[in-house]
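Asker: Give me a model of this one.
(one chain, ligands or ions: 1)
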Amino acid sequence: MTNPPVSHKPKHGIKRKKNLAKLKTRQKAKAIEKIEKKNDAVTFEVVFVGRSNVGKSTLLKNLTGRNVRTGKRPGVTLKPTHLYFDDFLITDMPGFGFMSGVTKEKSDDVKDNIVHYIEEHADRIMIAVQVIDGPAFVEITERWDSRDEIPIDLELHDFLEEMEIITIIAANKMDRVKDDEKDDLLNDVVGIFGYDRGEGTWKESGALVAPVSARGGDIRPLISHLKNEFHKMKRDDLFKHFK
Ligand SMILES: Nc1nc2c(ncn2[C@@H]2O[C@H](COP(=O)(O)OP(=O)(O)OP(=O)(O)O)[C@@H](O)[C@H]2O)c(=O)[nH]1
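Answerer: Numbers count the residues shown, from 1 in each chain. Sure, this is the predicted structure:
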């Protein structure tokens, strides 16, 4: 009786798969090492925080020229996105708040992740840019208030203050507000955040407010606040990373 011919095909297939797995593990380890190296070099971080869909990514693209998480579905990304510039890091936090198709648990996870991240890196986070949807902000916070809950935006703002992180409020989508209604809206915004403007306007409240329109590319007030803070911290060299 002759033995049936032995096929080496399946064995090769398995071997190749094993090699591929090994290669992938090695590539992964290398990639992690590279990120860790970049991360270790960071001494100055700016974080962008805000409710989902307020325009954080659009704003960052305008500011740096780099693409951040475009084409994503709101509420899907739990992790922050990083833009490295040598020892300078800009971090785009996942959007928080209620979103259609996203469970309450998941939106709570996002909030917890943001708080943990900020606590963990508080020593190097010098500035936070808190992005709000200018025209929608008052209505959203009133809705929370009517449910006797503290709006997440306010909770986060207080938390950043507690952590002694300088916070710039970027009121985005101002292209949707009529020119003669802008000041009234911003007066309300600073009031909601708890700043006392006395008899004056939002400009005299002491809050760092930047009315911007990321989609229209009008982000000068934000750039000017950032540059001002960088200058105070003797980091004028960071200006070069902005478009
Ligand atoms: N009208 C107007 N729309 C804007 C502006 N900035 C962003 N948008 C739009 O708002 C939507 C959300 O923008 P994103 O930049 O993806 O928002 P995001 O805050 O990064 O969203 P998350 O990743 O879910 O946190 C997009 O459709 C943008 O085109 C703006 O200044 N004006």
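Asker: and the protein, which residues reach the ligand?
Answerer: Residues of the chain lying close to the ligand by Cβ under 6 Å from any ligand atom are 50, 52-58, 69, 72, 74, 95, 172-173, 175-176, 213-216. In short, each C-beta sits where N, CA and C put it, glycine included.
Asker: After the host helix or strand of Y117, heading C-terminal, what element do we hit next?
Answerer: Assigned by DSSP states H and E, Y117 falls within helix 104-120. On the C-terminal side of helix 104-120, the closest following helix or strand by DSSP H and E is strand 125-133.
Asker: chain center to that next one: distance?
Answerer: From the chain centre to the centre of strand 125-133 is a distance of 8 Å (Cα atoms, centre = their mean, to the nearest Å).
Asker: outside of that strand, which residues touch it?
Answerer: 44-51, 53-56, 59, 118, 140, 153, 156-157, 160, 163, 165-173, 189, 222, 226, 229, 233 (Cβ atoms under 8 Å, 6 or more residues apart in numbering).
Asker: ok, how many other residues are close to A170?
Answerer: Per other Cβ atoms under 10 Å, the neighbour tally for A170 reads 29.
Asker: now do Y195
Answerer: If we define neighbours as other Cβ under 10 Å, then Y195 has 17 of them.
Asker: From L156, how far off is whatever residue of the chain ends up closest to the ligand?
Answerer: Residue of the chain nearest the ligand, by Cβ to the nearest ligand atom: G95 (2.3 Å). Using Cβ to Cβ, to the nearest Å, we find G95 at a distance of 12 Å from L156.
Asker: now swap in V190 and tell me
Answerer: 16 Å.
Asker: So G50, which state does it fall into?
Answerer: Secondary structure, DSSP: H, G, I helix; E, B strand; the rest coil: G50 is strand.
Asker: that older thread, excluding sequence neighbours, find me the nearest residue to the residue of the chain closest to the ligand.
Answerer: Distance criterion Cβ to Cβ, 6 or more residues apart in numbering; nearest residue to G95, sequence neighbours excluded, is S52 at 2.9 Å.
Asker: quick one on the thing from earlier: wait, doesn't the residue of the chain closest to the ligand sit right on V110?
Answerer: Yes. Using Cβ atoms under 8 Å as the test, G95 is close enough to V110 to be in contact (7.4 Å).
Asker: neighbour count winner among those two?
Answerer: Neighbour tally, G95 and V110, criterion other Cβ under 10 Å: the higher count belongs to G95, 26 against 22.
Asker: so what's that one scoring on pLDDT?
Answerer: You'll see G95 listed with a pLDDT of 86.
Asker: and if you look at I166?
Answerer: 98.
Asker: Identify the bridge partners of it.
Answerer: When bridges are called by DSSP bridges, I166 pairs up with I127.
Asker: What residues sit buried inside the helix holding Y117?
Answerer: S107, V110, N113, I114, Y117, I118 (16 or more other Cβ atoms under 10 Å).
Asker: Can you redo the residues you listed as TSV, where the extra columns are pLDDT?
Answerer: Output for those, formatted as TSV (pLDDT from 0 to 100):
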residue	pLDDT
S107	75
V110	85
N113	90
I114	93
Y117	95
I118	96
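Asker: Taking those residues, tell me the two that lie furthest apart.
Answerer: S107 and I118 (17.2 Å; Cβ to Cβ).
Asker: Can you give the domain ranges for this protein?
Answerer: Domain ranges of the chain: 10-41, 42-241, per automatic domain parsing.
Asker: Counting neighbours, what do you get for G50?
Answerer: Neighbour count for G50, taken as other Cβ under 10 Å: 27.
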